[in-house]
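# quick one, fold the following:
(one chain, ligands or ions: 1)
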Amino acid sequence: MDALAFSTSVSGKIEDDVLLVSIDNPPVNALSAHVRQGLTEALDHAATLEAITGVVITGAGRIFIGGADITEFGKPPVEPSLPEIIERIENFAKPVVAAVNGAALGGGCEIALACHGRIAGEKAGFGLPEVKLGIVPGAGGTQRLPRLIGLPQAIDLIGSGRTVKPAEALELGLADDMAADPLDAALPLVRTMAGQPLRRTGMLPVPVAEQAAVDTATRKILSKARGQAAPAEAVRLITAAAHNNLETGLTDERATFLRLRDSEESAALRHVFFAERSAGKVEKLDGVTPRKIETVGIVGTGLMGAGIAVAALTTGYRVIGVEQTNEAAEQGRERIAGILEKSVQSKRLAPAMRDDCLARLTVTADTSELAAADLVIEAVFDDLDVKTGLFQKLDGIVRKDAILATNTSYLDPDLIAARTARPERVVGLHFFSPAHIMRLVEVVDCKATEPQVLAGALAFAKRLGKLPIVCGVTEGFIGNRIFSAYRREAEFMVEDGAAPEQVDAALEAYGFPMGIFAVNDMAGLEIAWARRKRQAASRDPDARYIETADRLCEAGRLGRKAGRGWYDYSSGERAVDPQVTALIEAARAAKNIVPRAFTDEEIVTRLLKAMADEGAALLAEGIAIRSSDIDLVMINGYGFPAHKGGPMFSASR
Ligand code: T1G
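As a prediction, the model looks like this:
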C-alpha cells in the first residue's frame, strides 16, 4: 500500500485494517503546526474509512515526539492547537495506540497519554520536562498522568521533569507493554481494542492516594524549586485533579501554562535550553577533523585528577594515571576505585561497568607509560614551573601527535605552551571539581593551539557528557574572572556598610543556593589570598583594594575547613562572628568610611551588573564566543540560578 501524505511531516499506511501514522519532523519530531495539521488529517482519514478499525501513532527515527515546538512560543497560534488534537484522540470512536519508539516528552507524552494504549519500545522514554522550561504541561499532562499512575508518582515525574525508561513506565502503568519494536505489539493491541469500550485516560478516576505519600512527593519537589513558580504550580494542578472533573482541570492547566509560558522564568529557562545547544559550536572548527582519542593519560590523581579519571573511565576510555611514587600511585588508584564504588552504591553505575572501568585503568609511577596516550591531562599542583617542567618531560615521552591539556585554573597556558617543544598541541581543559559530577569544562583555545587539537579536546569533553565552553586565554578564563569581579563588588559593599550575611541573604533570596561569602568559606580563602599576594607587586596602586579578606587569612580564618572564615563554624552551623564584624568595622574606620545602609535590591543589582560588565569585557576581548556561553558558565560553575538565565540574559531584560 502506498504511503499516505497527511502533511509534509505526517504520513500513513494501511496495515491490513489499521492506519499506521508516522511523524517525521527532524530533528526531534516536535509538534510543529504541520505535524498537528497532519495528525488531524490522519484522524479524519481514519474516521471516514469503514475499513480502518484503529490507528497506531509512531515516530520516525530515534524519537517518538520531542514535545511542542518551543520555537513557536511567542508566535501567533496556528490551528489546530495541541489540546484540540489530544482531545480528538482521546474521544476518537476507534482505538488509537501509541507505539513509543523513542523519547515521548512534553506534548509527545501528552499525545501518548490521550491514546487508548501505549507500547514502549526498548529505546522509549516518557517525560513531562516542562518545569525545566519554566512552564507546566499545557495539554493535559497534569490531569491525565495522575489518572493513569496516581498522584505521588505524577507529582514526582512532572515536578522533577525526569524521563522514565520502559521498565519503570510499565511498572507505573504508563506503558501497557514493552517490545523491542513497539509496532510488533501496537498493531495486535489496537486490533484487540476494535469494537470494545475504550479506556479513555481522562475519564479514569484519580486513584486514591495516601496523603502522607502525596505530602512526601510534594515536599521533595518544592524543596528543590528554590524560588521557581513552575514546580509549585505543577503540584497544585496535579493534586487538584483528584477533586476536579477533567474539563475544570484542563481549563486551569491551560490558563496556567499560558501564563507561565509568557513569564520571565520561562524566557530564562528557554534561553538556557537553546544556549546549551549553541555551546561548543566553534565556527573556525567547521570541517576540522578532531584528533582521535582513545587512551587518556592523567598526571596527578588527587581529587581533581581522580575525578577526571572517573569521567573518562565511565565514558569508556582507557586511562593511565601517573603519580610521582608507587605509593602515591596506589593511593591514586584507591581514590579512583573509591569514587567508582560510591557510584555503584548510589546506583549510578552498574557493578559490571565498575569492573570494566577498573580493567581499563592503570595507575603508575612510570611516566614513560604515557607513550601510549592520545591525550594527557595534567592535574598537578597549580605552579607554573611544576606544570612546564612536566610538559617538557612529556615532550620526550608522548607521541608528537598527542595532545597535552593543562587543567590550570589561574596560570597562563600560553606561557606553559611556549616552554614546550610543540606549543600547537597544548590546550586547556579546565574542569570544575568534583570533575566526575560537575558538567562544566572550560576548553581553553591557547594562542598556538592547532584547530585539530582544539577540536579533539572539545570532542573529548562532549563525549564525557560535559558542557564544554570554548574560551580564550585570560586570568581566570570566563568563570573565575567573572567570579573575581563579583567577589570584589561584594567586598566593596561590605566595606561601605553592608554585612556579609546581608549580601549572602540577598543572593539566596534571588535564587543562588549559597551567598558569595559562604561560598568563599566553603572553597577556602587561601587560594585567592595566595593569588592576591602574587599580584601585589603589579597591582594598580590607584585601584580600590579591600584588605578584609587578607586580615581574615592572616588571623588563620581560612574558611569552613579551618572552622572560621567570614563566618564562624564552631557550632557546626554557619554563624555570624562578632570578631569578623569588628574586623570589618576597623577596616572602615581605617579608611574613614562612614558605613551606610544597603537594600537587598541594590546589593543584587550591583552584583549582577559587576558580572555582566565583566562578561561584556570578555566578549569585547574575544575571550568568550557568545554571551549565552557566559551565562552557562555562571549557571553551571557558580550557582547562578538557571531560572534567572545568567548574568548576561538578566542584564539584557
Ligand atoms: N522544540 C523545538 N526545537 C527543539 C525541541 C523542541 N521541543 N527539542 C529540541 N529541539 C532542537 C534543539 O534546539 C536542537 O536544535 C535540536 O532540536 C536537537 O536537540 C504542550 C508545551 C528531545 C531529548 O522540553 O530534551 O511540550 O541546535 O541537541 O540531544 O505540554 O532535544 O540542532 O538547531 O537536544 O538528541 C517539552 C526538549 C516542550 C524536550 C533530544 N519538551 N528537548 O535530544 O537533541 S514544551 C522538551 C530535549 C511542551 C506541552 C509543552 C532534547 C531531546 P539545533 P538536542 P538530542
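# who's in contact with the residue of the stretch 151-300 of the chain found nearest the ligand?
Residue of the stretch 151-300 of the chain nearest the ligand, by Cβ to the nearest ligand atom: Arg277 (3.7 Å). Yep, even glycine has a C-beta here, placed from its N, CA and C like the rest. Counting by Cβ atoms under 8 Å, 6 or more residues apart in numbering, Arg277 touches no other residue.
# what of Val272?
631-632, 635, 642, 645-646, 649.
# could you rerun that using 6 Å?
Ala642 (Cβ atoms under 6 Å, 6 or more residues apart in numbering).
# give the contact list for Ile158.
Ile158 sits next to 128, 234 when contact means Cβ under 6 Å, 6+ apart.
# go with 10 Å
Counting by Cβ atoms under 10 Å, 6 or more residues apart in numbering, Ile158 makes contact with 109, 127-131, 136-137, 141-142, 145-146, 221, 230-231, 234-235, 237-238.
# try Ile308
296, 298, 300-301, 319, 321, 336, 377, 379, 405, 407, 429, 431, 433-436, 441, 464 are the contacts of Ile308 under Cβ under 10 Å, 6+ apart.
# which is the next helix or strand following the strand or helix carrying it?
Using DSSP states H and E, Ile308 sits in helix 303-315. Later in the chain than helix 303-315, the nearest helix or strand by DSSP H and E is strand 318-322.
# packing partners for that following strand?
strand 295-299, helix 303-315, helix 326-345, strand 361-364, strand 375-378 (3 or more Cβ pairs under 10 Å, 6 or more residues apart in numbering; DSSP states H and E).
# the closest residue to the ligand within the stretch 501-650 of the chain: neighbour count?
Of all residues in the stretch 501-650 of the chain, Ser628 sits closest to the ligand, at 12.0 Å by Cβ to the nearest ligand atom. Using other Cβ atoms under 10 Å, Ser628 has 22 other residues around it.
# now do the contacts for it.
271-272, 274-279, 469, 645-646, 648-649.
# could those residues be laid out in CSV, adding secondary structure and pLDDT?
Shown next, in CSV, are the contacts of Ser628 (DSSP: H, G, I helix; E, B strand; the rest coil; pLDDT from 0 to 100):
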residue, secondary structure, pLDDT
His271, helix, 97
Val272, helix, 97
Phe274, helix, 95
Ala275, helix, 97
Glu276, helix, 96
Arg277, helix, 93
Ser278, helix, 94
Ala279, coil, 95
Ile469, strand, 98
Gly645, coil, 97
Gly646, coil, 98
Met648, helix, 98
Phe649, helix, 98
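# ok, and the most crowded of those?
For the contacts of Ser628, neighbours tallied by other Cβ under 10 Å; top is Gly646, 30 neighbours.
# wasn't Ile119 part of a strand?
Yes. Counting by DSSP: H, G, I helix; E, B strand; the rest coil, Ile119 is part of a strand.
# what sits against it?
56, 58, 97-101, 112, 166, 170, 175-179, 181-190.
# which of those residues fall in helices?
112, 166, 170, 182-190 (DSSP state H).
# what subset of the contacts of Ile119 is buried?
56, 58, 97-101, 112, 166, 170, 175-179, 182-183, 185-187, 189-190 (16 or more other Cβ atoms under 10 Å).
# near the ligand, which residues of the chain are found?
By Cβ under 6 Å from any ligand atom, the residues of the chain that approach the ligand are 27-28, 30, 63, 66-71, 82, 103, 105-107, 110, 129-130, 133, 137-139, 141, 274, 277.
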